[in-house]
Structure formats: C-alpha cells, structure tokens
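**Student:** Would you be able to build a 3D model of this:
(one chain, ligands or ions: 2)
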Amino acid sequence: MDIHNILSHIAKKKDITQEELCILLNLTEQKDREVLYNIGRETSYTVYQRDVYIRGLIEFTNWCKNDCYYCGLRRSNTNLERYRLQKDEILACVENGYKLGFRTVVLQGGEDPYYDDETVCDIVRGIRSSHKDIAITLSIGERDRESYQAFFEAGADRYLLRHETADRKHYESLHPDEMSFEHRRTCLYDLKDIGYQVGCGFMVGSPGQSIHTLYEDLRFILDCQPHMVGIGPFLPQKDTPLGGRTAAVEGVDGTRSSVLDVTLALISILRILSPKLLIPATTALGTADPKGRERGILSGANVIMPNLSPVNVRDKYLLYDGKICTGEEAAECIECLRRRIKSIGYEIVTDRGDHPDMMAHEFHEGGKRNV
Ligand code: 5AD
Ligand code: FES
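**Tutor:** Ligands and ions are numbered 1, 2, ... in the order given. Model prediction:
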C-alpha cells in the first residue's frame, strides 16, 4: 500500500491498524520516512504553526522507593548520590524560571515519601501564591486519588505520569512484582477525571517491546485521550538490571531503522492521530542524537522541557547514561535552545501552552478551580 494512502487513511479515521503501524515503522527508504515526518510536521503547523512551548523542569528529588529495572533512580542503585530540594530551593528555581520567561514549571521526582501530601500541597501553594499565571505540573508518580485531589485543590493544573507500556506482560518484565500495571492506569484515569491536563508516555526500544506492544500503546492513548504524550528512546543505564541491553523494537529491522527513526516516526503518527496533542521533543531524544530535539520538532513535536534544576544537582538525576544538559547554566541553556529552535525556523513562545481544548478560564486561580 502506498504510504500517502496510509497516512491519509489514518488522518481521516484518527485511528490506525497494527498492519499500518508495522508498515510505517518499517520504512527503510529515507525519502519515505521524510514523507511521514513532513506530514507530522504539517499537521502540527495547522494547530500550533511554528510555536514551540517550553516547560521548565525542576528535578527536585532523585530518591525513589521503586525499583524499575531500566531506571537509574531505582532504590537498589547504590552508585548514586541522592539529593532533595527544600521548598525555598524549589521556589527559587521557579523564580529563576519565571524571570527567564517560563509560564509552566514541572516538578519532577522519584517516588519519594519524604514529600508527603501536605509537603507537596505546601510547595504548590507557595508557587501559586506568588504566580497566578504559571501552570504547575507535577510528575511524582503513583499516589492515591485523594492525594491527587488535594494537589489539584492546592493549585496544581497538570500531571505527567508515563504509562511506560500498555502491554501487561511487557510492563511486568520491566518492573518488579510489587508494581501494578492496573494501578498505574487507574492513576491516569483518576487524574483526568479530577480535571488535570494529563500526560502519559513510553520509552521506545525498551527490552521486550514489539510492534504489537507499541500498537497497544497507541490503543491506550486513543482510549485515554491524554493531553500530552512524551516518548523517547530507551537509553541503558549501566547500574540497572537492563544496563547491558541495547535499544530495539522486535519486528523492526534494526539494521535499516534505528530506534531514533522509530521514535520520530511515532511522534509523527501520534501527531496525525491527534493533531492537538502536546508532544515534547524529549531530553532522551536529545541525548540519543545531538540534533534529536530539533528532529523531533521537525517530525511534529511542539514542546521542549529545559532543565531548571540547580546546576549542582543536575548530574545526579541520572535516569540513563549520557543525559544532556548536566552542565550549562539554566539561562545559557535556554539561550542555546532558543537559537537552536530558531535555526530550524521555529520559535519558543512564552505562554502557559495549554492544550487547545482546555481554556485558560477552566483553571483555578489562586488555588480554587474556577469553572
Ligand atoms: N531510558 C530512557 N528513558 C528512561 N526513563 C527512565 N529510565 C529510562 C531509560 N533508561 C523514563 C521513563 C520515566 C521517565 C521519567 O524517564 O519513561 O517515566
Ligand atoms: Fe523511580 Fe525511576 S525507579 S523514578
């Protein structure tokens, strides 16, 4: 089947079959891949033109009670110096970000019980009381619905929780028994139900991933309808059980297409399936290829998440080996990104960057939901 036909078919139906996915992920000619990326990019243009939203990422704790087999922050990794930022340090990062033009901050951390519900709420309220116009995103893993509700009432607007994989067996091969496939999904549905803008996502090329598991990911995304989907290549971290594995997708000819090609193809496919979706060009993509984030944007991504964490902790948030942006000053980092984005004809905008279906007035002001 002709690639143009497949693409107009999935664009029209806003759905995809496993056979179509298999063809699109196995394009071996660069010119065919470019057709896919170009359609992804053009679709993004119809909603966002050449605007790129920025989110300031504050990695406030690298402690984690979980033991995911792929992740450098896992509790069994003793080869990592752990840190926690206190409220005043987090607020200082937010201030710094605000001055640099950020109107979204993402508080991200491992699952660290030190930050109990009240502590998280207090931090969220602290940010909200000084900045009414900033979107507050949390990314602190699985909690109870009541906790999510409390964070929301304290002023949080968005929540990022990658589903990691929508295939149960695959999930169980990447996580120890104590972690629950169902609970993670329940969290995402609860978050949406509470009223958060929600982001899910997955790695590309993690051990055991196949075209079929990726198809399950797309099915899950079409069902859950998140506002954002973050994807990036699996990058082995040497101190983890999967540290010796190479990224690959079963069913994709690895000698012809790299995991980077598959990631870019998936960005384009997600964009075509859901034109308004917020899709970040992730740090993992930028780590896998020096031009990875630019290539992500040129394939349909529209968000970048620069690091706003204090410089002295950056090299400690090592999800995977070789992570970029562990040195530069935040301000330098942003300037360099701005230039990079400009160089491909796009522009970083200072805006909350909400999903187009979520009107700004739907969000709380001063900690209260205002609908
Ligand atoms: N390679 C790529 N991404 C990773 N993540 C965790 N470990 C790795 C790795 N080795 C991703 C997970 C997690 C997010 C914060 O980072 O998807 O949800
Ligand atoms: Fe918890 Fe990775 S294992 S953040």
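**Student:** in the stretch 151-300 of the chain, which spans are strands?
**Tutor:** For the stretch 151-300 of the chain, the strands defined by DSSP state E, counting those that start in this stretch occupy 158-160, 197-204, 228-233.
**Student:** so which of those is the most packed in?
**Tutor:** Highest mean neighbour count among the strands of the stretch 151-300 of the chain (mean count of other C-beta atoms under 10 Å): strand 158-160, with a mean of 27. Yep, even glycine has a C-beta here, placed from its N, CA and C like the rest.
**Student:** I'd like the mean pLDDT over that strand, please.
**Tutor:** The pLDDT scores in strand 158-160 average 98.
**Student:** packing partners for that strand?
**Tutor:** In terms of contacts (3 or more C-beta pairs under 8 Å, 6 or more residues apart in numbering; DSSP states H and E), strand 158-160 is packed against strand 104-109, strand 135-139, strand 197-204, strand 228-233.
**Student:** want to throw the ones you listed into CSV with mean pLDDT and distance to ligand 2?
**Tutor:** Output for these, formatted as CSV (pLDDT from 0 to 100; distance: least, C-beta to the nearest ligand atom, whole Å):
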stretch, mean pLDDT, distance to ligand 2
strand 104-109, 98, 8
strand 135-139, 98, 10
strand 197-204, 98, 11
strand 228-233, 98, 14
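**Student:** I'd like these as CSV, with distance to ligand 1 appended.
**Tutor:** What follows is these, written out as CSV (distance: least, C-beta to the nearest ligand atom, whole Å):
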stretch, distance to ligand 1
strand 104-109, 7
strand 135-139, 7
strand 197-204, 5
strand 228-233, 6
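**Student:** For Arg75, find the nearest of the strands of the stretch 151-300 of the chain.
**Tutor:** Smallest distance to Arg75 across the strands of the stretch 151-300 of the chain (C-beta to C-beta): 19.5 Å, for strand 197-204.
**Student:** pull the CA atoms of the closest one into CSV?
**Tutor:** What follows is strand 197-204, C-alpha atoms only, in CSV (Å, rounded to 0.1, in the frame of the first residue of the first chain):
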residue,chain,number,x,y,z
GLN,A,197,-4.3,18.1,32.0
VAL,A,198,-2.6,14.7,31.8
GLY,A,199,0.5,13.4,30.1
CYS,A,200,1.3,9.8,29.6
GLY,A,201,4.1,8.2,27.6
PHE,A,202,6.5,5.4,27.0
MET,A,203,10.1,4.6,26.0
VAL,A,204,10.9,3.4,22.5
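**Student:** surely Val52 meets Val349?
**Tutor:** Yes - assessed by C-beta atoms under 8 Å, Val52 is found in contact with Val349 at 6.8 Å.
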